[in-house]
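Peer 1: sequence plus the predicted model coming up.
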Amino acid sequence: MAAENLDQAPNMLKQNLKMADLVALSVSSVGPLFSIAATGGVMAANAGLWTIPSIGLIAIPFILASFIFRLLNRHFPHSGASYHWSARVLGIKASRFQAWILILAYFASIPPIIIPAANYTLNLLFPSYRPSTFAEIIAAMFWSGFALIPLLRGSRPTAKLTQVFLTIEIVSVVIIAVVAVIRWHAISVPMHFGKPPLGGMIITAVVAATILDGWEIDSYASEESVNPKGDPGVGGIVGALVALGFYALLYPLMFGETPLRLLAGAPNPMSVWAQRLLPHASFLMLIPVLASTAGGLWLTSFILIRALHAMGREGLVFSAFAKINKRGVPGVATIVTLGAAFAVTLFQTIFSSLGVFFGLVLSTAGFFLVAEFFLDSVTATVFLFRMHTSRGEGSPHGHRVLLAGSVLSALSFLMFMIGFLIFGPRAIGPSVDYVIGALILLGIGFVIFARRHNVIYMFHGNAVPAAVEGSKLIASAEHTKGL
């Protein structure tokens, strides 16, 4: 079947996102305050004060990846982003497995946002009340339902509401930093790093992957950008740098003003820190944390929803995921994504045995996020190498710096993945490696299920992408000239 005879892609997304929208989505999707609240205690328990350099180490490949994503977006804008790039560069078979890793990485990241959102809400509204299981379920249901409102209304309303919540978060960060500096001499504590715990630092670095990702959301919003080959990727770079800046500011202040024994293992170290900053009004810290959590919830869902939409129209998953509502939103994918995430949350809350199982599965989110970025870096390395060898070292388009960066990024992510498999069982549980292995094996089943996937829609910035057979997908330097 010739590519030009294939039907055009149905159910296209609306192009209505401007640069300011993409930047807001990328920054807010990282959810810096929520990220510290949700993972700071775990990281402090594993690496102590070495949490700070651990974040710095994992940040290097993530920052490099943001520039790599910018390049790939310029050549291959697509709502499937990661798995689509793989198809264009490595081939359609490779993209099927990468699609599975993408689904695992982002779906496993959603329930761990819903549960804290519920708990923070109850703690804010009823400070002295110990929430019951029923109360937690109601609060979780509220946030799952609330996230549906902007997501079902469209990408533009989602971006606008995100800007409101992001403003609250940024203003709060400024206020927190000012108060922390003012209170430094009164509450600062000695900081003794001691000998670096290698295993703990590796685990912390992989966990930190969940607080350094999210900025890539503008890649998955490419088809909804008014300038699909110019804007997507820029927001990601800004988001990655801003998130790192938040952590570079807040983590040293928090560790410098709160005894490590209080932070290690704390379910919300931001609240622990707040009790020292504002002893009589520590509950105020929950407001910006909750705003950060809410934005992170619907934006993490946004990434997976757009990816499922792209997979649905290409036959990787059920075609119903490709359907859009009258507002140009993948309605089925949206409802199924948040519905499934809430179901996992419900089972975790009600059934203790299932809670342990799901908790172990969800703890692998960091590993699969690292795996996702590793595969993206490999894709970029192959693509840039082809461009480099075809156009010559002296060519202004040789991208030698990006090629070196993509190789370094891929190697770094690979080392962190291997380190997690070595030290993960000790820090998380002896079964975590088996869970990761089982989920990867399930990916083989997914690849077999997706054998009918032999067509991909190539988005060129126009209203309707062109369908191309899988055998004609591999990108070369010749294909990308002039893009």
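Peer 2: That came in fine, so what should we check first?
Peer 1: residue ranges for the helices of the stretch 51-200 of the chain, please.
Peer 2: 51-75, 82-89, 92-107, 111-125, 133-153, 155-187, 198-212 (DSSP state H, counting those that start in this stretch).
Peer 1: kindly reformat the ones you listed as JSON lines containing mean neighbour count.
Peer 2: Backbone N, C-alpha and C define where each C-beta goes, glycine included. Shown next, in JSON lines, are those (neighbours: other Cβ atoms under 10 Å):
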{"stretch": "helix 51-75", "mean neighbour count": "22"}
{"stretch": "helix 82-89", "mean neighbour count": "28"}
{"stretch": "helix 92-107", "mean neighbour count": "24"}
{"stretch": "helix 111-125", "mean neighbour count": "22"}
{"stretch": "helix 133-153", "mean neighbour count": "18"}
{"stretch": "helix 155-187", "mean neighbour count": "17"}
{"stretch": "helix 198-212", "mean neighbour count": "25"}
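Peer 1: mind checking these for the one nearest to residue 229?
Peer 2: helix 51-75 (5.6 Å; Cβ to Cβ).
Peer 1: that closest one vs helix 198-212, what angle?
Peer 2: 40 degrees (axes from the mean of the first three to the mean of the last three Cα atoms, to 10 degrees).
Peer 1: ok, back up a step: turn the helices of the stretch 51-200 of the chain into CSV, columns for mean pLDDT.
Peer 2: What follows is those, written out as CSV (pLDDT from 0 to 100):
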stretch, mean pLDDT
helix 51-75, 94
helix 82-89, 93
helix 92-107, 93
helix 111-125, 90
helix 133-153, 94
helix 155-187, 93
helix 198-212, 92
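Peer 1: for these, give me a markdown table that also has distance to residue 434.
Peer 2: A markdown table is the format used below for the helices of the stretch 51-200 of the chain (distance: least, Cβ to Cβ, whole Å):
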| stretch | distance to residue 434 |
| --- | --- |
| helix 51-75 | 24 |
| helix 82-89 | 26 |
| helix 92-107 | 15 |
| helix 111-125 | 20 |
| helix 133-153 | 28 |
| helix 155-187 | 38 |
| helix 198-212 | 17 |
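Peer 1: could you point out which of the ones you listed sits nearest residue 437?
Peer 2: Nearest of the helices of the stretch 51-200 of the chain (Cβ to Cβ): helix 92-107, 12.7 Å.
Peer 1: show residues contacting the closest one.
Peer 2: 80, 82-84, 86-87, 300, 303-304, 307-308, 311, 316, 337, 340-341, 364-365, 368-369, 371-372, 375, 439, 442-444, 446-447, 450, 453-454, 456, 470-471, 473 (Cβ atoms under 8 Å, 6 or more residues apart in numbering).
Peer 1: give me that answer again for 6 Å
Peer 2: For helix 92-107, contacts defined as Cβ atoms under 6 Å, 6 or more residues apart in numbering pick out 82-83, 86-87, 303-304, 307, 311, 316, 368-369, 371-372, 375, 439, 443, 446-447, 450, 470, 473.
Peer 1: related to what we said a few turns ago, residue 280 is nearest to which of the helices of the stretch 51-200 of the chain?
Peer 2: Residue 280 lies closest to helix 155-187 among the helices of the stretch 51-200 of the chain, at 13.1 Å (Cβ to Cβ).
Peer 1: chain center to the closest one: distance?
Peer 2: Distance of helix 155-187 from its chain centroid, counting by Cα atoms, centre = their mean, to the nearest Å, is 20 Å.
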